[in-house]
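> From the sequence below, what's the structure:
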Amino acid sequence: MTYALGFRVKSGHAVAVALAGPSASPVLLACIDVALSDAAVPETKQPYHAELETARENPGAIPRLVAIVRQCARTSIEELFADTRLAATSCRGAALVVGSLIDPEKVGNPHIRAHAREGRLFRESVEEALRANHVEVAVILEKALASEAARQLARSENEIRRMVAAIGRGRDGPWRADEKAAATAAWWCLGIVN
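Just a heads-up that it's a prediction; the model follows:
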């Protein structure tokens, strides 16, 4: 059996959803929170915000925090693939849902630039960890997800929303907007690889 992964990437973590089966009738294998920061080092949740406060005092802080984030992503993705629900199957691809792809260096406001840098860091960290595991990765903007999924899966946006809601019914744990976005991305990815 094979599956596709969808991720909703956020600051410090991502929601990962694994869906198996044909794109006509996907089945939920797992919904897992993926750590992209170190709880023992709170600054890793927003490392570039830390830069706004500490750059003058400790110029080496940001590279250290970035290295921790990248290591957390590698470790978490390895743990994801080792999860018993996924270990006996193979991943056919992954789709990452992100809020923005803006180039941080084109942002004038330092606080907004910090957000953009963090968004890029967490996205790239997940991408690198997945590619290190030989998984093809696509990135999709959250605002384009519904229309792209509808086009790829040849279904209406409403039908996709209803089916994604149904996929999460009966599951232990939350099935909120982030989980639904990750599930939609996984389903979109199944549509590409089927």
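
> quick one, helices of the chain?
47-54, 61-82, 110-132, 142-153, 157-168, 177-193 (DSSP state H).

> what's the offset of the second one from the middle of its chain?
Put plainly, it is helix 61-82. Here helix 61-82 is found 13 Å from its chain centre; the criterion is Cα atoms, centre = their mean, to the nearest Å.

> Then stretch 96-112?
16 Å.

> residues in contact with it?
6-9, 14, 49, 52, 113, 116-117, 119-120, 123, 126-127, 137-142, 145, 181-182, 184-185 (Cβ atoms under 8 Å, 6 or more residues apart in numbering). In this view, the C-beta of every residue, glycine as well, is placed from N, C-alpha and C.

> Same check on stretch 28-42?
3, 7, 9, 11-20, 44-45, 65, 68-69, 72-73, 75-77, 80, 83, 85-86, 89, 122, 125-126, 167-168, 171, 173, 175, 179, 182-183.

> Just the mean pLDDT for it, thanks.
For stretch 28-42, the mean per-residue pLDDT is 96.

> and that stretch, C-alpha only, in CSV?
The C-alpha trace of stretch 28-42 is given here as CSV (Å, rounded to 0.1, in the frame of the first residue of the first chain):
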residue,chain,number,x,y,z
LEU,A,28,-7.0,8.3,6.6
LEU,A,29,-3.9,6.5,7.9
ALA,A,30,-2.6,9.0,10.4
CYS,A,31,-2.8,12.6,11.6
ILE,A,32,0.4,13.6,13.4
ASP,A,33,1.7,16.8,14.9
VAL,A,34,5.3,17.2,13.7
ALA,A,35,7.7,19.2,15.9
LEU,A,36,9.8,21.8,14.1
SER,A,37,11.2,23.4,17.2
ASP,A,38,12.7,22.3,20.5
ALA,A,39,10.5,22.8,23.5
ALA,A,40,13.7,23.0,25.6
VAL,A,41,14.7,26.0,23.5
PRO,A,42,11.6,28.2,23.3
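
> Going by neighbour count, list what's buried in it.
28-32, 34-38 (16 or more other Cβ atoms under 10 Å).

> One more: stretch 125-145?
125-127, 129-130, 135, 137, 139-140, 142, 145.

> Mind putting the residues you listed into JSON lines with pLDDT and distance to G93?
What follows is the buried residues of stretch 125-145, written out as JSON lines (pLDDT from 0 to 100; distance: Cβ to Cβ, whole Å):
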{"residue": "S125", "pLDDT": "98", "distance to G93": "18"}
{"residue": "V126", "pLDDT": "98", "distance to G93": "13"}
{"residue": "E127", "pLDDT": "98", "distance to G93": "12"}
{"residue": "A129", "pLDDT": "98", "distance to G93": "14"}
{"residue": "L130", "pLDDT": "98", "distance to G93": "9"}
{"residue": "V135", "pLDDT": "97", "distance to G93": "6"}
{"residue": "V137", "pLDDT": "97", "distance to G93": "7"}
{"residue": "V139", "pLDDT": "97", "distance to G93": "12"}
{"residue": "I140", "pLDDT": "96", "distance to G93": "12"}
{"residue": "E142", "pLDDT": "96", "distance to G93": "19"}
{"residue": "L145", "pLDDT": "97", "distance to G93": "16"}
